[in-house]
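# Need a 3D model of the sequence below.
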Amino acid sequence: MILAREETPKQLLARLEQNLIQHYRDEEAYLQSKKILTPEHLLAHKKIIDILQNLIKKMRFNDQNMLERDLALFFQGYLTRHKHSLLMNQESLSTSL
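Numbering: from 1, shown residues only. Now for the predicted structure:
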């Protein structure tokens, strides 16, 4: 993501929100096409998108305590989801060999 000089912080946050949500939707579609997205994985994606949207809103209103708590929740969910994804990929690799 390249920062354009004429972008305001509000425009940048809106673009960040769009890019992050699109990234998760693209990843979801890819994982579904490979048949490795479980219902739990899909739910984790939806939760992460909700948390991202809430984070962006709180960044706009600068609510520091809520922002820190939600950032911790986001990264906890992000790590959990990626650990699950790695396990699923390892399982699919070991069964295909």
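# How many residues are close by residue 54?
By other C-beta atoms under 10 Å, the residues close to residue 54 number 15. Just so you know, the C-beta spots here come from the backbone N, C-alpha and C atoms, and that holds for glycine as well.
# That one is in what secondary structure piece?
helix 39-61 (DSSP states H and E).
# Rounded mean pLDDT for that helix, please.
Average pLDDT, helix 39-61: 72.
# Buried residues in it, which are they?
Residues of helix 39-61 classed as buried by neighbour count (16 or more other C-beta atoms under 10 Å): 41, 44, 45, 48, 49, 51, 52, 55, 56, 58, 59.
# nearest to residue 33, of these?
Comparing these against residue 33 with C-beta to C-beta places residue 41 closest, at 13.5 Å.
# Does the closest one touch residue 31 like I think?
Yes - Residue 41 lies in contact with residue 31 (C-beta atoms under 8 Å); the separation is 6.9 Å.
# shaky segments in the protein?
By pLDDT under 70, the low-scoring segments of the chain are 1-5, 9, 37, 58-65, 67, 81-97.
# so which strand or helix has residue 12?
helix 9-33.
# Determine the set of other helices and strands touching that helix.
helix 39-61 (3 or more C-beta pairs under 8 Å, 6 or more residues apart in numbering; DSSP states H and E).
# For the helix it packs on, give me every contacting residue.
Helix 39-61 is contacted by residues 10, 13-14, 16-17, 20-21, 24-25, 27-28, 31, 66-67, 70-71, 73-74, 77-78, 80-81, 84-85, 88 when judged by C-beta atoms under 8 Å, 6 or more residues apart in numbering.
# one more time with 6 Å
13, 17, 20-21, 24, 28, 66-67, 70, 73-74, 77, 81 (C-beta atoms under 6 Å, 6 or more residues apart in numbering).
# Identify the farthest-apart pair in the residues you listed.
28 and 66 (26.6 Å).
# And residue 7, its phi and psi?
Backbone torsions of residue 7, given as degrees, to the nearest 10, read phi -80, psi 140.
# Residue 13 versus that one, what's the distance?
10 Å (C-beta to C-beta, to the nearest Å).
# Understood, closing this out.
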